[in-house]
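just to be clear, the model below is a prediction. Sequence and coordinates:
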Amino acid sequence: MKLLSLLTPLLLAAIGRATVGPGYVTGNVNVADPTMCKNSAGTYFIFSTAPGIEIRTSTDRTTWTLIGTVWPNGASWTDTYTGTSNGSES
């Protein structure tokens, strides 16, 4: 019990230093299966499931802009896995 009373302040301090979310998210945010990463310049990227794998960017994790796709000309090697033609729905 004494150990618990000693650890409680440390646990509360750790919780108090937790990172808060970015706030209300805006922009082009209609994504499926997103993966987020950040480059050394501070730009955030979201890559999401879509024909060509869509790319969105943000500098604040709040306002997102669709900037294109990983494979803008399609990726025929994905057809077997996606049921598409040249990695595209059309």
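Perfect, thanks for sending it. Numbering: from 1, shown residues only.

strands of this structure, start to end?
Along the chain, counting by DSSP state E, strands occupy 26-27, 35-38, 44-48, 54-58, 63-69.

can you count the residues close to Asp60?
Neighbour count for Asp60, taken as other Cβ atoms under 10 Å: 12. Where C-beta positions appear, they are placed from N, C-alpha and C, glycine not excepted.

for it, which non-adjacent residue is closest in space?
Nearest residue to Asp60, sequence neighbours excluded (Cβ to Cβ, 6 or more residues apart in numbering): Pro22, at 6.6 Å.

might you report the residue contacts of that neighbour?
Residues in contact with Pro22 (Cβ atoms under 8 Å, 6 or more residues apart in numbering) are Asp60, Arg61, Thr62.

could these go into a markdown table alongside distance to Pro51 and pLDDT?
A markdown table is the format used below for these (distance: Cβ to Cβ, whole Å; pLDDT from 0 to 100):
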| residue | distance to Pro51 | pLDDT |
| --- | --- | --- |
| Asp60 | 28 | 91 |
| Arg61 | 25 | 90 |
| Thr62 | 27 | 90 |
